[in-house]
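Chemist: Quick one: sequence plus predicted model below, questions after.
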Amino acid sequence: MPHIARMRIRPYTPADLAALYAINQAGTPGVGHEDTPEGLKRWFDVGTCLVAEDEAGQPLGFINLIEPGTMAYASDNLRWFERWMEQEQASLLYVDRIAVAEAARGLRIGQRLYEAAFGLAKGRDWIGAEVNTDPDNPLSHKFHARMGFSRVGEKRYKPDYAVAYYTRKP
């Protein structure tokens, strides 16, 4: 069981990459699969990644946030949110992914990561995320509902891949 008595949220550093890659890969298909650590790093490099760590400095999870309009982030989901923002005349900060180590699940680390992300999204209308509906990720749907997110859309991209879009005021 991780030591979370003094868990803290801090910015990503390159030394975190191996641990965060392992957390990411253990979370697939709920989070996007990456073939290599460098594949994940490219998203951290164009975003803002926050890391939850235990008192020993071990990463327990992370959230990566991407600014809309970041064309280096080739994501149909971000493009969906950009169109939604234009239609709604709203501003948004996009959650690329949030992942928590299996041994640390149920300890409210995801909630703490989102609370830090809400702080970064201050001054915007919304923070947005998508959750897989095919393959379905029911725990993530429940988590986002508990965190106050509302479903604002959905999209099927392929026969075996569809998502629901969620937003929440920061």
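Modeler: Sure thing, it's come through.
Chemist: Show me the strands in the protein, by range?
Modeler: 8-11, 48-53, 59-66, 92-100, 126-134, 150-158, 161-168 (DSSP state E).
Chemist: For those, give me a markdown table that also has distance to Phe118, mean pLDDT and mean neighbour count.
Modeler: The C-beta positions use only the backbone N, C-alpha and C, and glycine is treated the same way. Compiled in a markdown table, those are given as follows (distance: least, CB to CB, whole Å; pLDDT from 0 to 100; neighbours: other CB atoms under 10 Å):
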| stretch | distance to Phe118 | mean pLDDT | mean neighbour count |
| --- | --- | --- | --- |
| strand 8-11 | 12 | 97 | 14 |
| strand 48-53 | 11 | 98 | 22 |
| strand 59-66 | 11 | 97 | 25 |
| strand 92-100 | 9 | 96 | 24 |
| strand 126-134 | 6 | 96 | 22 |
| strand 150-158 | 15 | 97 | 13 |
| strand 161-168 | 8 | 97 | 19 |
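Chemist: want to throw these into CSV with distance to Gly27?
Modeler: Listed next are the strands of the chain as CSV, based on distance: least, CB to CB, whole Å:
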stretch, distance to Gly27
strand 8-11, 18
strand 48-53, 14
strand 59-66, 9
strand 92-100, 4
strand 126-134, 11
strand 150-158, 19
strand 161-168, 15
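Chemist: Of those strands, which is nearest Gln25?
Modeler: Nearest to Gln25 among those is strand 92-100; the distance by CB to CB comes to 9.1 Å.
Chemist: ok, the closest one: who's next to it in the sheet?
Modeler: Next to strand 92-100 in the sheet, as set by DSSP bridges, lie strand 59-66 (antiparallel), strand 126-134 (parallel).
Chemist: looking at the strands of the chain, which is closest to His144?
Modeler: Of all the strands of the chain, strand 161-168 sits nearest to His144, with 5.0 Å by CB to CB.
Chemist: can I assume Pro29 is in contact with Asn132?
Modeler: Yes - applying CB atoms under 8 Å, one finds Pro29 in contact with Asn132, separated by 6.4 Å.
Chemist: Alright, calling it a day.
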